[in-house]
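> 3D model of this:
(chains A and B)
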Amino acid sequence: MADPAPDPATKTLACPSCGGTIAIRAAGHTVTLVCHYCSSLIDVANPDARLIAEYHEAAQELAIPLGTRGTLRGTEWEAIGFLQRSEGGIGWSEYLLFNPYAGYAWLITDGRGWSLGRMLTVTPRDAGGAMLLDGERYKPFFAGGSARVDYVLGEFYWRVAVGERVRTADFVRPGFMLSRETNDAEETWTLAELIDPREMGTAFGTDLPPAWPGSGRPPMPHQPSPWAGLVGRAWQFAFVAVLALLVLAPILGRGGTSVSETVTLFPEGSERSATIGPIVLTRAKQPVTIRARSDEVRNQWVDLDYALVDRATQASYEAYDIVEQYEGSDSDGRWSEGNRSTASKIASVPAGTYDLVVDLGAHNWTGASSSYAAGIAPVKVTVTVSPGGVFWSNVWLAALLILLPALRMGWQHIRFEASRSGESDVGGSTSDEDDD
Amino acid sequence: MLTVNCPNCGAPVRFRSPALPVVVCPYCQSLVTRIGDEIRAVGKAAVLPFDVSPIRIGTTGRDGDRAFEVIGRVRWGWSDGSWNEWLLLFTDGSHAWLGEAMGLYMLLAERPPASGDAGVSRIAAGGEAILGTRMTIDGQMLAVSDIREASCIAAEGELPFRAPPGWTVYSVDLRGEGSACATIQRDAGETSLYLGRYVTLAELRPQGLRAIEGWAMPSFT
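Residues are numbered from 1 along each chain as shown, chains lettered A, B, ... in the order given. Okay, here's the model as predicted:
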């Protein structure tokens, strides 16, 4: 069959009120028409156009003038009808879009963004308050309201009337809103997809709406958190990085052979000095860990003055430590404190051969509540010098720095979600948004 | 296929299937019937009002692996609008209806009245349907979603029944699980039962759609 010349896309009619010429863009479907010259409501369900309500008002200026075409998601749409609706004083706009090959669609906006809605031919399944559609779960957001038509312009496939009310309920998942409208005769479901404002600008020439948080209004119910996709990955990355840090720090901090010496000294006796070495440091820079341990101090302390001296240059790196143990009893019972084993670290020691010079002095503690009188028995102190060592405070600081961006992102995500779900009239059920 | 001359104007008219004994003469809109060998003109169909349906007589397509051609149409009207029912003839000789309303499509095949349950029988016997009432047809559960009095506005092409303008039916739409839907149509004489599902134009892979000025015809392949 040869393709005949294309059939016309519109049918014209004279407004029965003002006589103006009106083009019907969805002939065959359109039932009600609002004249864009005089705003009169015209019934075109039957071949003879009949006046339903006569008005003599100029039509509103629209963000998308009726007759404008734009391509969204690969389909060209023409705006043919406009509805202003409200619920409890909060208003929004809906544009009816038409393409003879694709049918109808809706562009919905409340000034915060645009959504493209299509009427569903399948009924979503109720899953404990949430709705299931094509394997996706939609959480309840607005439980129940009554939406009123406040203003109409253009043409519609049903008998539209100002003041008409439907019961509404909305369900969301990030990027999508599932809406149910119910009247006495039927229940209809619409699935609306959030459209990128820039895509809308290209398609229909609309302005960019102010973005959250600068807009001063909460995000849209179905607006995906800009951090939603990042928070999970940021945490994964941070977790792996911190784990690697904790595993690698001791491995990288490990040095060469340890050298050890035990010194015996008398409490309140003269200070003793010991030289422990040689300690060979092979890396350009490394920490050196010096541990001291005495199992014999009791109500005693041992002062340890360390000097790590380079045999070649006599350069000296100094540190101080103490091995101590105290005990006694008071009204709370027996107590003890102090450490018989301590460790000092000297950071960034250059390569070379070193001796550790240790000056030790042991002292008795004569606390009033002491039940044990420290004696004059000799005290043995073992000093071990090990190249390498991990500065754990630095490691933890690094871990915190690694976690900081993830923490910040998580906080922003929580703030966004709290602001978004704040509008919901469904108690708490949308605040447990997943992080992915 | 049987080609005869329109008893009214003499133009050639075609009957493709004995199951479709009515043809609207494309030249003079006479309703031509074929009963046995007898060809008669039994009145006139009205001229179809202009619409922007993308479907036309001659459009072809597939339901799964079954190819069809659009060979007829009835346009129905009711108090709040109108819709098209396109008659599809499949290559195996069977036929089905493609309902077109509000830019949505329903593919419906006629079922014997006995495939409906007691709820369907009650409507067939003259009872009123009630919105939301559940019924089963061929074991499928459906609920009444729309009830209206409809009358035939116009018709074209080949049809399984005479569709004179002003012919009025009591029409009950039902919705089922997923995209399932059904229609019960009752007139003074009898009740017909149709069962099917919502479809998209794309899934029917239609060819030979109607060209509409200023609109790019999508290619459904």
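> From now on I want contacts and neighbour counts done on CA atoms only, so please keep to that.
Fine.
> The strand or helix carrying A:P278: which residues count as buried?
Assessed by DSSP states H and E, A:P278 sits inside strand A:272-293. Within strand A:272-293, the residues scored as buried using 16 or more other Cα atoms under 10 Å in any protein chain shown are A:274, A:276-281, A:283, A:286-293.
> For these, which two are the farthest from each other?
Farthest apart among those by Cα to Cα are A:R283 and A:R293. That separation is 27.1 Å.
> that older thread, following the chain onward from the strand holding A:P278, which element is next?
Using DSSP H and E, the next helix or strand after strand A:272-293 towards the C-terminus is strand A:300-310.
> beta partners of the nearest residue to A:T168 once chain neighbours are set aside?
In this structure, A:T168 finds its nearest non-sequential neighbour in A:E181, 4.7 Å apart by Cα to Cα, 6 or more residues apart in numbering or on different chains. Beta-bridge partners for A:E181, by DSSP bridges, are A:T168, A:T188.
> I figured A:E181 was touching A:W189, is that so?
Yes - assessed by Cα atoms under 8 Å, A:E181 is found in contact with A:W189 at 6.5 Å.
> So which bits of chain B are right by chain A?
Residues of chain B found near chain A (Cα under 8 Å from any Cα of the partner chain) are B:49-54, B:58, B:79-83, B:101-104, B:131, B:145-146, B:177-180, B:198, B:201, B:208, B:210-215, B:217-218.
> switch the cut-off to 6 Å
B:51-52, B:54, B:81, B:103, B:178-179, B:211-213 (Cα under 6 Å from any Cα of the partner chain).
> Which pair in those residues has the greatest spatial separation?
Using Cα to Cα, the residues of chain B next to chain A span at most 35.0 Å, a distance reached by B:G178 and B:E213.
> how far away is A:I346 from A:E187?
Distance, A:I346 to A:E187, using Cα to Cα, to the nearest Å: 77 Å.
> do B:P49 as well
With distances taken as Cα to Cα, B:P49 is found 30 Å from A:E187.
> tally of neighbours for A:V231?
By other Cα atoms under 10 Å in any protein chain shown, the residues close to A:V231 number 23.
> should've said B:E110
16.
> That one and B:Y194 touch, don't they?
Yes - between B:E110 and B:Y194 there is a contact at 4.3 Å, judged by Cα atoms under 6 Å.
> Let me know the secondary structure of B:R122.
For B:R122, the assignment made with DSSP: H, G, I helix; E, B strand; the rest coil gives helix.
> one step back: more crowded one of A:I346 and A:E187?
Using other Cα under 10 Å, the more surrounded residue of A:I346 and A:E187 is A:I346, with 20 against 14.
> and the more buried one, that's in a strand?
Yes - under three-state DSSP, A:I346 falls within a strand.
> That one and chain B, how far apart?
Going from A:I346 to chain B by Cα to the nearest Cα, to the nearest Å gives 74 Å.
> Isn't that residue up against A:P287?
Yes - the pair A:I346 and A:P287 passes the contact test of Cα under 6 Å, sitting 5.5 Å apart.
> Packing partners of the helix or strand A:V231 falls within?
Here A:V231 sits within helix A:228-253, counting by DSSP H and E. Contacts defined by 3 or more Cα pairs under 6 Å, 6 or more residues apart in numbering or on different chains; DSSP states H and E place helix A:228-253 against helix A:392-421.
> Buried by neighbour count: which residues of the helix it packs on qualify?
So helix A:392-421, judged by 16+ other Cα under 10 Å, has buried residues A:399, A:402-403, A:406-407, A:409-410, A:412-414, A:416-421.
> Out of those residues, the closest to chain B would be?
For these, the closest approach to chain B (Cα to the nearest Cα) belongs to A:S421, at 30.1 Å.
> Just the buried residues of stretch A:82-101, please?
Residues A:82-86, A:91-101 are the ones in stretch A:82-101 that count as buried (16+ other Cα under 10 Å).
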